[in-house]
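Model the following, please.
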Amino acid sequence: MILKVDNLHVSYGKIAAVKGVSINIGQGEIVALIGPNGAGKSTLLKTIVGLLRPAEGEIVRRPAGAIAYLPQQAEIERDFPISVIDTVLLGHWRRVGWRSGINAAMRETALGAIAAVGLQGLEQRPVGSLSVGQFQRMLFARMMVQDAPLILLDEPFAAIDSSTTSDLLALVGRWHGEGRTVIAVLHDLAQVHEYFPETLLLAREGVGWGATDAVLTPGNLLRVRDLLDPWTAAALTRERVGA
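Numbers count the residues shown, from 1 in each chain. Take a look at the predicted model:
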């Protein structure tokens, strides 16, 4: 077990965002987190990371603190004057901190990660000049450098081109082969069926958890409709039919 969430409740004021969610995820599992807007997906990830405090329940991570977290692109500042290489080097932060410097081996690791995501030659490029796809590749390179056993991705393939999506999905497969655990918020159900063997279907509370084909059933999707308001239920229905 690398992550256990037990009866988790998270609220924003009087509004319940996550209600009674329980999951137990083992090392090396690749998990899709599915649900329409307002289902609590980002809230759940932020609570696992420690950015939000639960109202009730417990989160156990083993080892504690070893998480690589990628928020939605809209939450990331892209105008900060920093280069690609310096951004990727920040992946060493947990091991280096304020007092130690970056050594040659750490720099080589960062350069290798940049090459692995297809950005070789752009090491000195300011991050603000990157395309959306290039920016996401850079963030995946930083996560490679973090070398964490648990990786959380919030809509990692939103608004990026198909070639970049394919390359980054291949990297997720590589992490799986290395025994890392990946949890990703996704909206493309065909993508989930093809690449993510485990799924948590969320509608503020857990609707289904386990093997993807067993979770993404018509019955569970109808239950989402009953749990959420009509607008969010309609959004999930559109995703299901590929609209």
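
which residue ranges form the strands in this protein?
For the chain, the strands defined by DSSP state E cover 3-12, 15-25, 30-34, 56-61, 67-70, 150-154, 181-185, 198-203, 205-211.

now the residue nearest in space to the middle of the chain: how far from Val96?
Centrality entry for the chain: nearest residue to the mean C-alpha point is Leu153, 1.0 Å, by CA atoms, centre = their mean. Using CB to CB, to the nearest Å, Leu153 is found at 24 Å from Val96. Using the backbone N, CA and C atoms, a C-beta is placed for each residue, glycine as well.

ok, now Gly38?
Taking CB to CB, one finds Gly38 at 38 Å from Val96.

One more: Gly206?
Gly206 is 38 Å from Val96, by CB to CB.

So for those two, which residue has more residues nearby?
More crowded of Gly206 and Val96, by other CB atoms under 10 Å: Gly206, with 21 against 15.

got the buried residues for stretch 207-219?
207-209, 212, 215-216 (16 or more other CB atoms under 10 Å).

now that stretch: mean pLDDT?
For stretch 207-219, the mean per-residue pLDDT is 95.

ends of that stretch, how far apart?
This stretch, stretch 207-219, spans 10 Å end to end (CA to CA, to the nearest Å).

going forward, begin numbering at 839 instead of 1
New numbering, starting at 839: the last item is stretch 1045-1057.

Residues touching that stretch, excluding its own?
861, 870, 872-873, 1027, 1030-1031, 1034-1039, 1058, 1061-1062, 1065 (CB atoms under 8 Å, 6 or more residues apart in numbering).

which of the buried residues of stretch 1045-1057 lies closest to Ile905?
Nearest to Ile905 among the buried residues of stretch 1045-1057: Trp1047, at 20.0 Å, using CB to CB.

ok, what's across the strand from that closest one?
Per DSSP bridges, the residues bridged to Trp1047 are Leu1038.

any idea how far it lies from Glu915?
Going from Trp1047 to Glu915 by CB to CB gives 34 Å.

Let me know the pLDDT of the residue lying closest to Leu890 once chain neighbours are set aside.
In this structure, Leu890 finds its nearest non-sequential neighbour in Lys884, 4.7 Å apart by CB to CB, 6 or more residues apart in numbering. Lys884 carries a pLDDT value of 96.
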